[in-house]
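Enquirer: sequence unknown, structure follows:
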């Protein structure tokens, strides 16, 4: 399979768009056999507690593709924190970015209506069509800054042992989704709107049952009575692979928010995901955006839902602009 980078080089396009830059990075990870949303938490490469990245100045969590970008930066650089802020935010808090520190580029999605499209819409009476685009801005990990308030630089303690299981079980009950335990196959039936997951004792490590449950719950959020995604794709189709990617990311985002650290899931769908990403440089942006919405929906049913004030609160509006 030809990567997007090679294909672009052959076509004579030397400068990638921001969509291409983000997509090529994810493709490179997948081609190397790594899942960018399954990080080696607790290893030498990343000693930071599992969590969703957040803005240190506002407390709001990043969403969508920015979660993957910032997780990758934490692992690559070994940062001990999931807290990020801009150069100006560091100054506003009485600190500053350490000299020579290299920032991480995150993205903001928006839509633009060109002047000629506005003119066409006025003449025809139709609604104008907006063009989606990405903006970039730079953030720094709290560990790259000096003289910040202590509450920002101090890492939050991990969740107490034994807290995760009842939280997930309560979330499942509160969601109202028809969730059944039994059999030897984990699946979601969109026609019956029903989930089936094998019992926890069927897994070598019970914590992986929760990851599987959240994956199937991720699919269920796409039902027409909830978030209304396209669940019509048949096995082997691009639509099916895309929905599997959304559910996989949803489970990863929920696990991070709930401090669940499952083992790496066998990457059964890497090949099909690569086909989707290579064919569409906006697919991973859309998938991550929809996964953030799905994770927000599910986390809203957690007993302490106030702890998760919309994982995408800082960027919900912007991610909605991606198409």
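Expert: On my side now, so go ahead. Fair warning: this is a prediction, and the values are worked out from it, not measured in the lab. Residues are numbered from 1 along each chain as shown.

Enquirer: can we go C-alpha only for contacts and neighbour counts from here?
Expert: Noted.

Enquirer: residue contacts, residue 54?
Expert: By Cα atoms under 8 Å, 6 or more residues apart in numbering, the contact set of residue 54 is 60-62, 82-84.

Enquirer: the strands in the stretch 201-323 of the chain, which residues?
Expert: Remark: no strands are assigned in the stretch 201-323 of the chain by DSSP state E, counting those that start in this stretch.

Enquirer: which stretches of it form helices?
Expert: Along the stretch 201-323 of the chain, counting by DSSP state H, counting those that start in this stretch, helices occupy 207-220, 238-257, 270-279, 283-299, 316-319.

Enquirer: quick one on the thing from earlier: what's the most distant pair in the contacts of residue 54?
Expert: 60 and 82 (11.8 Å; Cα to Cα).

Enquirer: looking at those two, which one has more neighbours?
Expert: Each of residue 60 and residue 82 has its neighbours counted (other Cα atoms under 10 Å); residue 82 has more, 24 against 19.

Enquirer: lowest-confidence stretch among the helices of the stretch 201-323 of the chain?
Expert: Sorting those by mean pLDDT places helix 316-319 lowest, at a mean of 37.

Enquirer: now the helices of the stretch 201-323 of the chain in a markdown table, with distance to residue 24 and mean neighbour count?
Expert: Formatted as a markdown table, those follow (distance: least, Cα to Cα, whole Å; neighbours: other Cα atoms under 10 Å):
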| stretch | distance to residue 24 | mean neighbour count |
| --- | --- | --- |
| helix 207-220 | 25 | 24 |
| helix 238-257 | 16 | 24 |
| helix 270-279 | 8 | 19 |
| helix 283-299 | 10 | 25 |
| helix 316-319 | 19 | 18 |
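
Enquirer: need those in TSV with distance to residue 148, can you?
Expert: TSV is the format used below for these (distance: least, Cα to Cα, whole Å):
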stretch	distance to residue 148
helix 207-220	35
helix 238-257	25
helix 270-279	39
helix 283-299	29
helix 316-319	27
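
Enquirer: to residue 53, which of the ones you listed lies closest?
Expert: Closest to residue 53 of these, according to Cα to Cα: helix 238-257, at 9.3 Å.
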